[in-house]
Structure formats: C-alpha cells, structure tokens
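Novice: Provided below for reference: sequence and predicted model.
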Amino acid sequence: MDVKQAEKADSRRIKQNVLVLLVNRVGIYFVIALLLIAGAVVAPGKYFTVANIRATIQAISLLGMVTVGMAFVTYSANYADMSAPMTIAFSGMISVATIWLGFWPSVVCGVLAGSALGAVNGIMVGKFRAHPIIWTMAFNFVMSGIVRWIWSGTQIYPDVIAKNNAGAVDMFYAISRSSFLGMPISVIVMLALFVIGYIVLGYTRFGNQLKVVGSNYAVAKLSGINVVRSIVLVYVINAVCASIAGIFLASLSKTGAYYTGDGYDFRAVTSVLLGGMTLAGGTGSMAGVFGGVVTIGMLSNIMNLIGIPTFNQWLVQGLVFLFIVWLNTNSARKLGRG
C-alpha cells in the first residue's frame, strides 16, 4: 500500500467535526468578537462602559484561576476534576480557620490543604487507575461530609477566629478588594497563572511529556515517561489553582463555607472545552483556554444586562456545556479516540 492509498484508507482526521475545527483553528476569539457585537446590540450604552468591563474581568478572575488547573487535567486525558468545588471550599475554610496565625501562614495552610486533596486524587487516578470522573466525584461527596462534620455544617468567620489579630483579618479581606495600578489583585493572579500555565504546557519538558501522556497513555509508558508522577503533578497543580481561588472566594465573602465552590467544576470544564482542548487529551493551549474563560464571562455579563434570571443563566450554561461535550465526544469518536 503506497502513501496515497494509506491516506485514503485512514480518513478519520478528515471527518473531524467542522464546529470543533472552527473552535480549534479559527479560534475562540472569533466567538468573543461575535459576543462583543451582540453585547453592543442588546445593551447599547451599558456594555462598553469602563465599569461594566472592569466588573466582567473581575468576575471571571476566580473562574480563570480554577480553569488553569482544570486545563492540565483535561490536557492529560483525565477529563476533569469533579472534586474542585470541595477543594475550593476546603482550602478557603482552612485559611479562615488558621487566620489567627497571621495572614501569610493562613494562605500557606489553605494552599497546602488543597494540594493534599490534589495529591490524593493524583495517586488514586495515576497509580491505582481509578476512573477520574467517578473517583473525583465520589471524593467530592466524601470531603463535603468531612467538612460539614468538622465545622458542624456552619460558616466560619475570620474576624471571630482572629480576635487578637485584626491586621491579618484586614489583609485577608483586602486581597479580593484591592488593586495594583488600577487592576484588581485577583485579575493579576489569574493572568499570572495563565502565563505560567502557558509556559509550562508549551515550553517545558513536563509539558511535552504531558502531551504524550494525554495523546497516548500506552506510548507514554513505553517511551519511559513517568506517567504516574505526571498525573500526580497534574492533580496537584489543579488543586493549587483551585486553592488560590478558594482563598480569594473566602476573602470576598468574608466567610469560610462548604458551598463556596459549587458550580466551578462545570464552568471550568466548559471554559476548557470552549478554548479548544478536548476530552481525548493532548491538544489545545492555555491561550485558547483563556479565551474560553472570557467567553463564559461575557455570556454571563450579557445575560445579566438583559435581565435573564440566575436560574435561567445556569440553564444556558448547562446547555453550552452539554453541546461542547457532545462536539468533543463526536470528534474523538471520528478520530478513533473515543
């Protein structure tokens, strides 16, 4: 069989879904351009105001932090981390519970607590080959029960816990409300995480190895890549990003609560898939994922401006998620990877 016959015989790549190609190759930024036009049409005089743009950017910052970590999980062909909500909540509550130690110690404790959850996920999925969706979803329920048992299902408050350390409490509240050179701290942190993620995935040995792991697990093992270590690191990175978002959420609400991370898992996955990564793993970039986050933020902003109720917004976002998952699954099947 010559080369031309081989190409004709293997036509899977030619059959890839056109809409997936549009997102992957034309770019999610084309969708963003359409949303800019739609926003100007449905909310003239409101959409392009400085206040609205600033509010939109700040609103997506926490989702962006979570999405950076989720992108690593998806890129490694482990679909998604469904325990992200409790990682967010647990890290925030640990940070609040340790605020009496001081601001920075509480932040470190929160990140370490979340990272520990990520390590558990990584070991179970990477070493023991637990199904990533089933395991992380079950782990989320387990952690929800543990957290509610520890704090009796109640909220905890920094100012109550750190009565003798008002300075630490003030700093804790300030991180979600302060700006540097006119840009909110949360946005700066989100952008920093995206830049780091972009460099790691695109320009490091670990990123290259992760691409092989995500593209073909068996080949990665045969090529000498420490697959278990790679997957554990992926889940730890994801947990660190979720933990940072959890601390910002606790700061913003001035509360540590078990429910603060609800919904971030599905929105993060939606952003990742909108940005061009696929559930099959090994494809996409952080630049596209950032576009996915912006798209979700703009869509929510437009719905707010035209007065769509919150529950209806969840319906729209859920339909977007289901549609994108269908596109990814359909494309992967046609490529012989589903």
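Specialist: Thanks, I have the structure now.

Novice: give the contact list for T56.
Specialist: Listed by C-beta atoms under 8 Å, 6 or more residues apart in numbering, the contact partners of T56 are G297, M298, N301. Where you see a C-beta, it was placed from the backbone N, CA and C, and this is true even at glycine.

Novice: need those residues in TSV (columns: secondary structure and pLDDT).
Specialist: Formatted as TSV, those follow (DSSP: H, G, I helix; E, B strand; the rest coil; pLDDT from 0 to 100):
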residue	secondary structure	pLDDT
G297	helix	92
M298	helix	91
N301	helix	90
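
Novice: so which of those residues is the closest to I134?
Specialist: G297 (30.1 Å; C-beta to C-beta).

Novice: which residue, other than its chain neighbours, is closest to that closest one?
Specialist: Among residues not flanking G297 along the chain, I60 sits closest, at 3.4 Å (C-beta to C-beta, 6 or more residues apart in numbering).

Novice: quick one: that neighbour from Y258, how far?
Specialist: Applying C-beta to C-beta, to the nearest Å, the value for I60 to Y258 is 24 Å.

Novice: got it, and I306?
Specialist: I306 is 33 Å from Y258, by C-beta to C-beta.

Novice: also G282?
Specialist: Counting by C-beta to C-beta, the gap from G282 to Y258 is 35 Å.

Novice: which one of those two is surrounded by more residues?
Specialist: Y258 (23 against 20; other C-beta atoms under 10 Å).

Novice: pretty sure G153 is in a strand, no?
Specialist: No - counting by DSSP: H, G, I helix; E, B strand; the rest coil, G153 is not found in a strand; it is coil.

Novice: number the chain from 40, please
Specialist: Taking 40 as the first residue, the last one we looked at is G192.

Novice: got a list of what it touches?
Specialist: Y297.

Novice: which phi and psi does R168 have?
Specialist: Backbone geometry at R168, expressed as degrees, to the nearest 10, gives phi 60, psi 40.

Novice: typed the wrong thing, it's S218
Specialist: Per degrees, to the nearest 10, the backbone of S218 is at phi -130, psi 160.

Novice: contacts only, for the residue nearest the centre of the chain.
Specialist: Residue closest to the average C-alpha location in the chain (C-alpha atoms, centre = their mean): T106, at 1.8 Å. Each residue near T106 by C-beta under 8 Å, 6+ apart is listed here: R306, A307, S310, V311, V328, G331, V332.

Novice: mind listing what the closest residue to T309 other than its chain neighbours touches?
Specialist: Counting by C-beta to C-beta, 6+ apart, F360 is the residue found nearest to T309 once chain neighbours are left out, at 4.4 Å. With contacts defined as C-beta under 8 Å, 6+ apart, the neighbours of F360 are F305, V308, T309, L312.

Novice: what segments of this protein are strands?
Specialist: Assigned by DSSP state E, the chain shows strands spanning 218-219, 222-223.
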